[in-house]
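**Student:** show me the folded form of this:
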Amino acid sequence: MTLKRTKIVDINAPELVGKQVCVKGWVRTRRGNKHVQFIALNDGSTINNLQIVIDLAKFNEDDLKPITTGASLHVEGLLVESQGKGQSVEVQADMVEVYGTADPDEYPLQKKGHTLEFLREKAHLRLRTNTFGAVFRIRHHLAFAIHNFFNDRGFFYLNTPIITGSDCEGAGDMFQVTTLNINDLPKCENGCVDCSKDFFGKPTSLTVSGQLEGELGATALGAIYTFGPTFRAENSNTPRHLAEFWMIEPEVAFYDINDNMDLAEDFIKYCVKYALDHCKDDIEFLNKMYDDTLIERLEGVLKESFVRLPYTEGINILEQSGKKFEFPVKWGVDLQSEHERYLVEEHFKRPVILTDYPKDIKAFYMKQNDDGKTVRAMDVLFPQIGEIIGGSEREESYEKLISEIERRGIPMKDMWWYLDTRKFGTVPHSGFGLGFERLILFVTGMSNIRDVIMFPRTPNNAEF
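**Tutor:** Next up, the predicted model:
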């Protein structure tokens, strides 16, 4: 009779003890003496290894030589309560099959400490380490939590285009998409590239945001969210920036800025609690190995309401703090990470939602306040991270929106479809964007955004 495989995450089930089991996975370590060998086996389903006990009297020693760190095994044997420390159960092996070997002279993940920088160079293998196994299991659970949150609240999941002809942010930092031969580009009479010969017949790029299309969905379906890849061609080599990342963007009809802030706070707290409830072992491992304040910080987010602070008051606090910042502070500047973290970590000691920014440092689509100087923007600021969410109430007035588009010189021919939402049944509406990787940074306690996405895309780096 062929035994059905049991995942290691499920191996502690009381009804399995005393029975024959089948497990499969990769060798983390092997140790022992001339009588007995102990193998730590991991199959990726949990941070915890399963100890395999091999009585050498039952096996041919030559058959066991290929079992080295990194090798993959199929093991069958009796599951028993463990007499040793560090595990509650172990498998007394009756059969061991080596699926794949890993030459110890070549396999780079031997049993020793590896720096995160080294592991980025081995990104195709780093998921086999405890650290990255934990990070990517947490990433999965958070993605599942996001869909749960919005589905349970009546939001509809919308898939917005990845290839687009519009620049949502207006910054121009977009990756161009083309099928033209870049070594022999067709030219117009004036010397410009003839985009009519391209696949789409016009210039196109990878999206920086699904927001504009999301607003179309909100003004038809009421409440939508997007969750997909986005791209920024910014030359930013920092621990918080990626050229390719994932964004969650809800858009809701009939929401004002206060509704938007409530949604953002509820959303973040839901995700953090979901991770604490469903990723306990992985978070405890990261708390022990990387950041011993991680669990305390996550639990702290759940305990108190977020501070809601107008930008002008935030500037006053920063100016009166007496702290010397690398980037000087004055009204009208966009806050840097050091300013955001001061407000969150030193002044208020809890997350802050900063509102009512100067209109000239925010996007064209944000609703203007009555003062004519500020807009109903909101940024959610978190400890260790700085800005984790950016959003606003959207400008629903056709006249005000078109005036702002003209003031900023945004090409009208690309925006006609967006403006139609303000011409036909316009409504107050709001939304925000959350960078998924920044959420994972916060929940895992990792310090570099390159370590929470499988293959990071950054300036001069598109490996794997």
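
**Student:** give me phi/psi at residue 433?
**Tutor:** phi -120, psi 140 (degrees, to the nearest 10).

**Student:** the chain should start at 366 in everything you say after this.
**Tutor:** Understood, numbering begins at 366; the last thing we discussed is residue 798.

**Student:** what's the distance between it and residue 728?
**Tutor:** 11 Å (C-beta to C-beta, to the nearest Å). Just so you know, the C-beta spots here come from the backbone N, C-alpha and C atoms, and that holds for glycine as well.

**Student:** what does residue 381 give?
**Tutor:** Residue 381 is 56 Å from residue 728, by C-beta to C-beta.

**Student:** what does residue 802 give?
**Tutor:** 21 Å.

**Student:** the more surrounded of those two?
**Tutor:** residue 802 (23 against 20; other C-beta atoms under 10 Å).

**Student:** identify each buried residue in the helix or strand where the more buried one lies, please.
**Tutor:** Per DSSP states H and E, residue 802 falls inside helix 801-809. Under the neighbour-count criterion of 16 or more other C-beta atoms under 10 Å, helix 801-809 has 801-809 buried.

**Student:** could you give the mean pLDDT of it?
**Tutor:** Mean pLDDT, helix 801-809: 96.

**Student:** which strands and helices lie in contact with that helix?
**Tutor:** helix 495-517, strand 609-618, helix 622-643, helix 645-654, helix 659-668, strand 751-758 (3 or more C-beta pairs under 8 Å, 6 or more residues apart in numbering; DSSP states H and E).

**Student:** so which of these is nearest residue 790?
**Tutor:** Residue 790 sits nearest to strand 609-618 of all the helices and strands packed on helix 801-809, at 9.8 Å, using C-beta to C-beta.

**Student:** now the closest one against strand 751-758, angle please.
**Tutor:** 30 degrees (axes from the mean of the first three to the mean of the last three C-alpha atoms, to 10 degrees).

**Student:** for strand 609-618, name the packing helices and strands.
**Tutor:** helix 576-586, strand 588-596, helix 622-643, strand 794-800, helix 801-809.

**Student:** residue 407 touches residue 394, doesn't it?
**Tutor:** No. In this structure, residue 407 is not within contact of residue 394 by C-beta atoms under 8 Å, at 9.8 Å.

**Student:** quick revisit: now do the helix holding residue 802: distance to the chain's middle.
**Tutor:** 5 Å (C-alpha atoms, centre = their mean, to the nearest Å).

**Student:** give me the contact list for it.
**Tutor:** By C-beta atoms under 8 Å, 6 or more residues apart in numbering, the list of residues contacting helix 801-809 from outside reads 499-500, 503-504, 507-508, 511, 592, 605, 607, 610-613, 633, 636-637, 640, 644, 648, 651, 655, 659, 663, 747-750, 752-753, 811-812, 814, 817-818.

**Student:** likewise stretch 552-566?
**Tutor:** 528, 530, 542-545, 550-551, 567-569.

**Student:** most remote residue from this structure's center?
**Tutor:** In the chain, the greatest distance from the average C-alpha position (C-alpha atoms, centre = their mean) is reached by residue 422, at 49.1 Å.

**Student:** ok, the closest residue to that residue other than its chain neighbours - how many residues close by?
**Tutor:** In space, and not counting its chain neighbours, residue 422 is closest to residue 400: 7.6 Å by C-beta to C-beta, 6 or more residues apart in numbering. For residue 400, the neighbour count with other C-beta under 10 Å is 9.

**Student:** what's the answer for the one 3 residues further on, then?
**Tutor:** The criterion is other C-beta under 10 Å. On that basis, residue 403 has 15 neighbouring residues.

**Student:** in three-state terms, label it for me.
**Tutor:** Judged by DSSP: H, G, I helix; E, B strand; the rest coil, the three-state class of residue 403 is strand.

**Student:** of all the helices and strands packed on strand 609-618, which one comes closest to residue 723?
**Tutor:** helix 622-643 (15.6 Å).

**Student:** so can I have a markdown table of the helices and strands packed on strand 609-618 showing distance to residue 519?
**Tutor:** A markdown table is the format used below for the helices and strands packed on strand 609-618 (distance: least, C-beta to C-beta, whole Å):
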| stretch | distance to residue 519 |
| --- | --- |
| helix 576-586 | 10 |
| strand 588-596 | 6 |
| helix 622-643 | 12 |
| strand 794-800 | 15 |
| helix 801-809 | 22 |
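
**Student:** out of these, nearest to residue 466?
**Tutor:** helix 801-809 (32.0 Å).

**Student:** so, low pLDDT: which residues of the protein?
**Tutor:** Within the chain, the ranges that satisfy pLDDT under 70 run 366, 532-537.

**Student:** ok so, going back, who wins on neighbours among the contacts of stretch 552-566?
**Tutor:** residue 569 (19 neighbours).

**Student:** which ones are touching it?
**Tutor:** 528-530, 541-543, 563.

**Student:** got it, and residue 782?
**Tutor:** Contacts of residue 782 (C-beta under 8 Å, 6+ apart): residue 581.

**Student:** and it, its phi and psi?
**Tutor:** Dihedral angles for residue 782 - degrees, to the nearest 10 - are phi -70, psi -30.

**Student:** ok so, going back, correct me, but the residue nearest to residue 422 touches residue 419?
**Tutor:** No. Contact criterion C-beta under 8 Å: residue 400 and residue 419 do not qualify, at 10.0 Å.

**Student:** mind listing the strands for the stretch 716-829 of the chain?
**Tutor:** For the stretch 716-829 of the chain, applying DSSP state E, counting those that start in this stretch gives strands covering 717-723, 739-747, 751-758, 794-800.

**Student:** ditto for the stretch 416-565 of the chain
**Tutor:** Counting by DSSP E, counting those that start in this stretch, the stretch 416-565 of the chain has strands at residues 437-446, 454-465, 521-522, 528-529, 541-542.

**Student:** okay, those in TSV with distance to residue 700 next?
**Tutor:** Shown next, in TSV, are the strands of the stretch 416-565 of the chain (distance: least, C-beta to C-beta, whole Å):
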stretch	distance to residue 700
strand 437-446	49
strand 454-465	51
strand 521-522	32
strand 528-529	28
strand 541-542	31
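
**Student:** closest to residue 494 out of those strands?
**Tutor:** Among the strands of the stretch 416-565 of the chain, strand 437-446 sits nearest to residue 494 (C-beta to C-beta), with 15.6 Å.

**Student:** which of the contacts of helix 801-809 count as buried?
**Tutor:** 499-500, 503-504, 507-508, 511, 592, 605, 607, 610-613, 633, 636-637, 640, 644, 648, 651, 655, 659, 663, 747-750, 752-753, 811, 814, 817-818.

**Student:** what number of residues lie near residue 397?
**Tutor:** For residue 397, using other C-beta under 10 Å, the count is 13.

**Student:** across the sheet, point out what pairs with it.
**Tutor:** Following DSSP bridges, residue 397 is listed with bridge partners residue 402.
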